[in-house]
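Student: Here's a sequence, model it:
(one chain, ligands or ions: 2)
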Amino acid sequence: MRLQIENLSYSYGEKAAVDQVSLGVGAGEFVGLIGPNGSGKSTILKNVYRGLIPDSGKMILDGKDIQTMSYRESALKMAVVGQENEVPFDFTVEEIVSMGRSPHKKLFDIDTPRDKQIVHHALEHLGMEHLAKRSYLHLSGGEKQRVLIARAIAQESDFFVLDEPTNHLDISYQMQIFDFIKRLKVTVLAAIHDLNMAALYCDRLYVLKDGRVTMEGKPEKVLTPQTIYEVYGVRSSVETHPVTGRVSITFLPAEIQSKE
Ligand code: ADP
Ligand code: MG
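Tutor: Residues are numbered from 1 along each chain as shown. Ligands and ions are numbered 1, 2, ... in the order given. Predicted structure coming up:
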């Protein structure tokens, strides 16, 4: 396992947002965290990328306790696309993506031609070179999200931590970004809102409810009408898709349920 989380707990106040969660991500695996709003997905990821300090538990990345790493060391190891995407100052798109290079450098080092090339390529891959000089703050939500993915790519890390990375994006960009990350063959831990996307791209899923892991396994094992009902309270029909070979979920409106 590249990442092993053992008995992680975290509370913002009285109630545990994450309660004794254990999970693992193997080398090259694409692991998804699914579960309703408020089930603790973002809190787990924030503990992993050191936005929060755990109340208890252990997180081992590549054999080393994340909490004993220097911030630079963990920043080199993990590329993060979090959910709070606001930056406090008015940077250009190019400047934001260049920040992906900073863990590789010393303070006040200037960008080398290689850094510039990596930044350019990352922007190009996401179809954003034309926005390089634009102000980040004035972009749409979807464009901001793509800039942050470009920054993660410019970081050249092989471990990605993603919190609903395609949240604001239309379907073409959602597919483009997941396809792109898949092609990078990096190890991924991602909170994914959309169950069909999770089914298409994840090797393995952890289901969260009320801060606990309630189930773990391959998408076809986890994404059954029973589990979906237990976790989300929604009826669904699940089939193996003839083209993708992956499970495909259709959510059933109340009108159809009452006819059943
Ligand atoms: P998810 O990402 O699955 O939607 P979160 O990890 O954001 O879930 O939230 C888990 C729980 O922690 C929820 O009950 C949420 O209300 C609570 N929570 C999240 N962030 C904060 C915060 N900054 N302060 C207080 N409570 C929070
Ligand atoms: Mg969240």
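Student: This protein against ligand 1: which residues are in contact?
Tutor: Within reach of ligand 1 by Cβ under 6 Å from any ligand atom, the chain has these residues: 12, 17, 35, 37-43. Where you see a C-beta, it was placed from the backbone N, CA and C, and this is true even at glycine.
Student: Now that we have the residues you listed, which of them are buried?
Tutor: 17, 35, 39-43 (16 or more other Cβ atoms under 10 Å).
Student: How many neighbouring residues does His125 have?
Tutor: As a burial measure, His125 scores 19 neighbours (other Cβ atoms under 10 Å).
Student: Check the secondary structure at Val243 for me.
Tutor: Under DSSP: H, G, I helix; E, B strand; the rest coil, Val243 falls in the coil class.
Student: tell me the pLDDT at it?
Tutor: Per-residue confidence (pLDDT) for Val243: 96.
Student: give the contact list for the spatially most central residue of the chain.
Tutor: Closest to where the C-alpha atoms of the chain average out (Cα atoms, centre = their mean) is Leu162, at 1.7 Å. Applying Cβ atoms under 8 Å, 6 or more residues apart in numbering to Leu162 gives the contacts 45, 80-81, 152, 181, 188-191.
Student: hmm, try it at 10 Å
Tutor: Going by Cβ atoms under 10 Å, 6 or more residues apart in numbering, Leu162 touches 30, 32-33, 45, 79-83, 148-149, 152, 177-178, 181, 188-192.
Student: same question, Met99
Tutor: By Cβ under 10 Å, 6+ apart, the neighbours of Met99 are 87, 91, 119, 148, 151, 154-155.
Student: Show me the shaky parts of the stretch 51-200 of the chain.
Tutor: Low-confidence segments of the stretch 51-200 of the chain (pLDDT under 70): 84-86.
Student: Thr224 versus the residue of it found nearest ligand 1, what's the distance?
Tutor: Closest to ligand 1 within the stretch 51-200 of the chain is Ala191: 6.0 Å, counting by Cβ to the nearest ligand atom. Distance of Ala191 to Thr224, given as Cβ to Cβ, to the nearest Å: 20 Å.
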